[in-house]
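In: just to be clear, the model below is a prediction. Sequence and coordinates:
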Amino acid sequence: MIRQTVISVTNLVKKFGSFVANDNLSFEVYEGEIFGFLGANGAGKTTALRILSGLSEPTSGKVTVAGFDAKKEPERIKRNIGYMCQKFSLYEDLTVRENITLYGGIYGMTKKLILERMANLLSRLSFEEFGDRQISSLPLGLKQKLAFSIAIFHEPRIVFLDEPTGGVDPITRRQFWEMIYETADRGITVFVTTHYMDEAEYCDRISIMNEGRIVALDTPEALKKKYNAGSVEEVFIRIARPKMTEKSML
Amino acid sequence: MKEVIRASGIGKKFGETQALKDIFFEVNEGEIFGFIGPDGAGKTTLFRIITTLLNPDEGEMTVLGLNTAGDFRELRKCIGYMPGRFSLYQDLSVEENLNFYATVFGTTVRENYALISDIYSHIEPFRKRLAGKLSGGMKQKLALSCALIHKPKLLVLDEPTTGVDAVSRAEFWEMLKKLRQHDITIVVSTPYMDEAMRCDRVALIQKGQLMLADRPQKIREGFGRKLFAVRAPQKYRLLEALRKYPLTETAYPFGDSVHVTIRNNIFDASLNEHLVRSGIENASITESEAGIEDRFLELMKNRI
Amino acid sequence: MKRFLGFVKKEFLHIFRDFRTLIILFGIPTAQILIFGFVVSTDIKDAGVAFLDLSNDDVTQKISDKICSSGFFRREEDLHSYNDIDLVMKKGKARAVIVFGENFGRSLTGQGKASMIIITDGSEPNTATLITNYATAIVTDFNREYTGSGLSGAVLLQPEVRMFYNPGLKGHYMFVPGVITLIMILICALMTSITITREKEFGTMEVLLVSPLKPMQIILGKVTPYFLLSFINVIMILLLSYFVFDLPVKGSLALLLAESMLYILMSLSLGILISTVSRTMQQAIFISFLGLMLPTILLSGFIFPIENMPKVYDVVASIMPPRYFIVIIKNIMIKGTGFGFVWKETLILTLMTVLFIGLSVRNFKVRLE
């Protein structure tokens, strides 16, 4: 099976003054893949994510997302990706339908298409009864599912999830991952940044960042084998710990 | 063993919402007792009742032999509390925060330094730095030092590891373990199932109700069925196929595998055949030991 | 006691570490005083005056010369008919027009009285008031000289004052008392309410509540630093007004300071009361600004005289604490009266303070509910 590359990063460097936030990153992400982008806070995940989503320009290196160059065509990238962050970016005082309509409008979808997909989305999530409820009245798990559905509402090629779960109950969490699996199965690439290592176990491949560099990149299984660890968390601690303790000695 | 906390039928309502219902448990002296449950399960409300910040609507909470509703003044001297958001003054330095909490509790840093030295030594090099400028892990250590500075008999930690990186999380649990030698009873809450194994005993809490309280190993053993971990590259198709298998009882994605329970625990070649027929070749099926999370799922499902 | 001092020390650290707090505490009062002081100029110098002299005789010449030689006024123009008055005022050439009636000199010597009119530009009320006062003073002076010269007895000349564009003007020149009143209530109430709600928002209040600190210790610990700083503030404003604007305190300084302390205490307890009913800093700020600053500016008599207000506003104004303090401070600073004249207002403020403290202690919760 030949997999198409949807994100290609070669020698990406991003500097803020003398501080190197991303130090020579190179990796590829394939179509329909669930790619975990891990690292502690401040490791450089957010910086890289901003570049990939066309919000910030790389200092040097080549970044192609959905076939577009991140330096020259950030606007076209934005039209081909979806984005969901921790805070879910839903308007709490609007209803479910209003949020969906608003979002579809932002991406220039026609009214007909919006209504069509909205009906589809609501029935698939068994959300019909919540259509006219304000977001603020929904439980956390439903908000999360809705935010994800909205992020892929315009059928992007890639969806970026910034610290998407955490704090939800185990059943809701599984339902959420099932949605992610289903999305990936449809060919949409899912790019997850997180610092919760147990989330990483669900990804097809993961990269671990530390101090601006990618220090490991493989399937969770292969990494666990390589570091002789029982979990990705242990892998992470083995990689990051010597440096962390060194850092706190400073 | 001496009892440090006894909850008898605690119930609490906020307007229409039943935050806690019929909670019974005991915490013994010197234990690390964990409350595991998702956001909104009622952990914070329960901790606020333990720390005298809220009165229960029903039932009675006894802490260190004192009633939390009546004897709160006496109790407040003996409890160390670390709320969910690290309660530090961002515009005060590390040292000033610690000194402030020491004075408030009528003690000095020097008096109890031995107790916190293990933890505080990590951040002492930064003692002039403002608390707002610390990393998550360092804030967590400072907040813990502040909560310990008056040598409390009971330490109540509300989600101390939320938003903290994996390395700091591991360090934190090691620190808690060391605190046991100072005869401090610790009650801690967390949304992470994997942290349950670090506690002496845990209570699983969901929607304001306590589902189970026991030693972690006992909880795992309580999972009454055989559990199989099935792995294949196309996870979504695997999951769908497993759900269609007539003998499947439950199938949940679990990291890189799918955890499956099968009716009457009858596992035979028919499962593999079914998968192959569904287009999934070379799936690996292994019997697996249930974790706390499997048990949590089982308990949740039985309640629905 | 050690706990309490530790708490106060922490509050001072908060204040001194936050640049914005310091600006609000000391920058704003200074700026307000300077702005009010300089923009609303306090002196009349060379103000343009036009004369409409319908009799043009010896006496009117003498009076107009006296007015113009005072240094306060400058002869801008001589008018010839009533119609010119509006024009010269609108052009802004003259700030005042003085009109002498026909046969001024003759009727003054003959009937012992004559009429003159002082017309000022009421669109600038403060200046208008000043001009009127100065002009009247000069005419009164002339009156005395004239009488003294033995020409005639009794008061002869009665200037008739008219103000164009704002005939009912009653304002007093009183920005210093106004600023003290406004700033103190705003800063004290705003700052204390913010500092308490901030602890709620950052979650530190939870830990303070679970500590052996008593509610009274927390409240006093919050109030003490602001009480001291606000008191310094009052002294600073008084010094500023004395040295920069030459505005001395006419009455007893001790009494003024004592009354200020009472007012500060009242404002602080109001701040605590606000903090007990607000959950977030935003709410506290909102209540302080809308609930205190606007009513203080609009209803305390600071800018708009209470006498001119519709009855309803008057009732609302009467529950505004600044209204009473402004009476007290004006009396002491400007009129130079003693406690005997302000005891009623003092009593009202004291009662309000007691009420606010009582309510806050009752509202301050030892638990989270």
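Out: Thanks, I have the structure now.
In: now the closest residue to chain C within chain A: closest residue in space that isn't a chain neighbour?
Out: Nearest residue of chain A to chain C: A:Glu92, at 15.8 Å (Cβ to the nearest Cβ). Using the backbone N, CA and C atoms, a C-beta is placed for each residue, glycine as well. Ranked by Cβ to Cβ, 6 or more residues apart in numbering or on different chains and with sequence neighbours excluded, the top spatial neighbour of A:Glu92 is A:Ser136, at 4.2 Å.
In: distance check, the one you found against A:Leu142.
Out: Applying Cβ to Cβ, to the nearest Å, the value for A:Ser136 to A:Leu142 is 12 Å.
In: more neighbours, those two?
Out: Regarding A:Ser136 and A:Leu142, a neighbour count based on other Cβ atoms under 10 Å in any protein chain shown identifies A:Leu142 as having more, with 18 against 11.
In: next up, the contacts around A:Asp185.
Out: Listed by Cβ atoms under 8 Å, 6 or more residues apart in numbering or on different chains, the contact partners of A:Asp185 are A:Gly32, B:Gln234, B:Tyr236, B:Arg237.
In: what's near enough to touch the second one?
Out: The neighbourhood of B:Gln234, defined by Cβ under 8 Å, 6+ apart, consists of A:Asp185, B:Ile280.
In: quickly find the element holding the residue of chain C found nearest chain B.
Out: For chain C, the residue closest to chain B is C:Gly6, as judged by Cβ to the nearest Cβ, at 3.0 Å. Element membership for C:Gly6 (DSSP states H and E) is helix C:2-17.
In: buried set for that helix?
Out: Across helix C:2-17, burial judged by 16 or more other Cβ atoms under 10 Å in any protein chain shown covers C:Arg3, C:Phe4, C:Gly6, C:Phe7, C:Val8, C:Lys10, C:Glu11, C:Leu13, C:His14, C:Ile15, C:Arg17.
In: stretch A:33-45 now?
Out: In terms of neighbour count (16+ other Cβ under 10 Å), stretch A:33-45 has its buried residues at A:Glu33, A:Ile34, A:Phe35, A:Gly36, A:Phe37, A:Leu38, A:Gly39, A:Ala40, A:Gly42, A:Ala43, A:Gly44, A:Lys45.
In: give me the neighbour count for B:Thr62.
Out: Number of residues near B:Thr62 (other Cβ under 10 Å) recorded here: 18.
In: which SS class is it?
Out: Three-state assignment for B:Thr62 (DSSP: H, G, I helix; E, B strand; the rest coil): strand.
In: let me see the contact set for it.
Out: B:Thr62 touches B:Ile5, B:Arg6, B:Ala7, B:Ser8, B:Thr68, counting by Cβ under 8 Å, 6+ apart.
In: which two in those residues are spaced the farthest apart?
Out: In the contacts of B:Thr62, two members sit farther apart than any others by Cβ to Cβ. They are B:Ser8 and B:Thr68, at 11.6 Å.
In: and the closest residue to B:Asn55 other than its chain neighbours, how far is that from C:Arg367?
Out: Using Cβ to Cβ, 6+ apart and skipping residues adjacent in sequence, the residue nearest B:Asn55 is B:Ala69, 4.9 Å away. The spacing between B:Ala69 and C:Arg367, counted by Cβ to Cβ, is 9 Å.
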